[in-house]
Each structure stands twice: as C-alpha cells, then as structure tokens.
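In: Give me a model of this one.
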Amino acid sequence: MENAFKALFDIGMEIVGINKPEIKDIHKNAKHFGIIFYDAVYVTLALKEGCKLITADKKLKRKVNMVELL
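Out: The predicted structure follows:
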C-alpha cells in the first residue's frame, strides 16, 4: 500500500480538502447534471482546476459532456 501512495505522489497527485463553498458547488453540480454527490465531487474539482475528467463510467459520460471515457 505504501508503494501505491508513493507512486501517486511521484506522478504529481495532490491531496486537496473540501471547504463549505465547494460543498455548495458540488451540490449545485449534482443537481444540475443529475448525478450523485460522489461523482459531483470529481466533476466540480475538474471544473475548478480546468482539466478533463477521465472515467470508465458511461452513465457519467452521458450526463456530463466534459467527461472523457477511458
């Protein structure tokens, strides 16, 4: 497990927290896209960071056009 975490940091992964205004944005995006809160966390983060969200979740892809399938 330790090697897995080290590998994530080696590729530049950053751990971020969620604050109260972001929770409101997550909730807003969940309602807007019709997705669950969990998925909306990643969508909101991608929107905030201006990057693509890549997933194997075909349902999420259909609901959120900024998502790319793996």
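In: How many residues are close by Ile26?
Out: Residues lying near Ile26 (other Cβ atoms under 10 Å) number 20. In short, each C-beta sits where N, CA and C put it, glycine included.
In: hang on, isn't it packed against Asn19?
Out: No - using Cβ atoms under 8 Å, Ile26 is not in contact with Asn19, being 10.7 Å away.
In: what residues are shared contacts of these two?
Out: Counting by Cβ atoms under 8 Å, 6 or more residues apart in numbering, no residue touches both Ile26 and Asn19.
In: Run through the residues that contact Asn29.
Out: Asn29 neighbours (Cβ under 8 Å, 6+ apart): Ile35, Ala40, Val43, Thr44, Leu47.
In: Kindly confirm my reading that it forms part of a strand.
Out: No - the assignment for Asn29, made by DSSP: H, G, I helix; E, B strand; the rest coil, is helix rather than a strand.
In: buried set for stretch 55-65?
Out: Under the neighbour-count criterion of 16 or more other Cβ atoms under 10 Å, stretch 55-65 has Thr55, Asp57, Leu60, Lys61, Val64 buried.
In: With pLDDT and secondary structure added, can I get those in a markdown table?
Out: As requested, the buried residues of stretch 55-65 are exported to a markdown table (pLDDT from 0 to 100; DSSP: H, G, I helix; E, B strand; the rest coil):
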| residue | pLDDT | secondary structure |
| --- | --- | --- |
| Thr55 | 90 | strand |
| Asp57 | 92 | coil |
| Leu60 | 94 | helix |
| Lys61 | 91 | helix |
| Val64 | 92 | coil |
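In: Thank you kindly, that will do.
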